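Undergrad: I would like to see how this sequence folds:
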Amino acid sequence: MRSLYILNIKNFYKPMLPNDLNRDICSLNQDEQRLSVTLWIDINPQTGLVDFESSRYELSKIQNRKRFTYAEADKLLKEESKEDNALSSALKALQRSAQSRRAFRKDIDCFTMGPHH
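TA: Numbers count the residues shown, from 1 in each chain. Below you'll find the predicted structure:
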């Protein structure tokens with residue numbers, strides 16, 4: 001006899017950390033400060049590529065201004081607005097960078113770090 005499991009993915013949530021860490025010290029709850037290590041990078045706005053030579057690390061505190069659901073972030077990224085705010089502009093720049101990096105990785109042989117032959 002075989003078993004059949006039906007899983008409702010929409011309401012499924014499996015934290016990567018134990019609950020005490022996940023809900024408190026390692027959470028990014030909205031409007032709470034957290035200790036962090038920040039990597040400052042410059043992203044070319046036209047290409048979305050990162051200028052690694054100008055990057056630097058810094059111990060810092062961060063405060064999450066907005067906790068987005070995936071649907072909320074997708075909506076913000078798809079909106080065309082003449083009055084893009086700083087958050088929307090930053091998300092869109094990060095999306096372009098991710099797309100450029102993804103395209104770059106598709107052209108790289110992961111074992112030799114060179115072009116596919």
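
Undergrad: so how many other residues sit close to Arg34?
TA: 14 (other CB atoms under 10 Å). (Each C-beta comes from the backbone N, C-alpha and C, glycine too.)

Undergrad: Identify the bridge partners of it.
TA: Ile62 (DSSP bridges).

Undergrad: next one: the one 4 residues further on
TA: With DSSP bridges as the criterion, Thr38 is bridged to Glu58.

Undergrad: how near is it to Lys61?
TA: 9 Å (CB to CB, to the nearest Å).

Undergrad: and if you look at Ser27?
TA: 15 Å.

Undergrad: out of those two, which sits in the busier spot?
TA: Each of Ser27 and Lys61 has its neighbours counted (other CB under 10 Å); Ser27 has more, 15 against 9.

Undergrad: who's in contact with that one?
TA: Going by CB atoms under 8 Å, 6 or more residues apart in numbering, Ser27 touches Arg34.

Undergrad: for this structure, which helix is longest?
TA: helix 86-106 (DSSP state H).

Undergrad: Show me what it is packed against.
TA: Using 3 or more CB pairs under 8 Å, 6 or more residues apart in numbering; DSSP states H and E, the elements in contact with helix 86-106 are strand 33-43, helix 70-78.

Undergrad: quick one: contacts for the residue nearest the centre of the chain?
TA: The centre of the chain sits closest to Leu94, judged by CA atoms, centre = their mean, with a distance of 7.7 Å. Leu94 makes contact with Ile43 under the criterion CB under 8 Å, 6+ apart.
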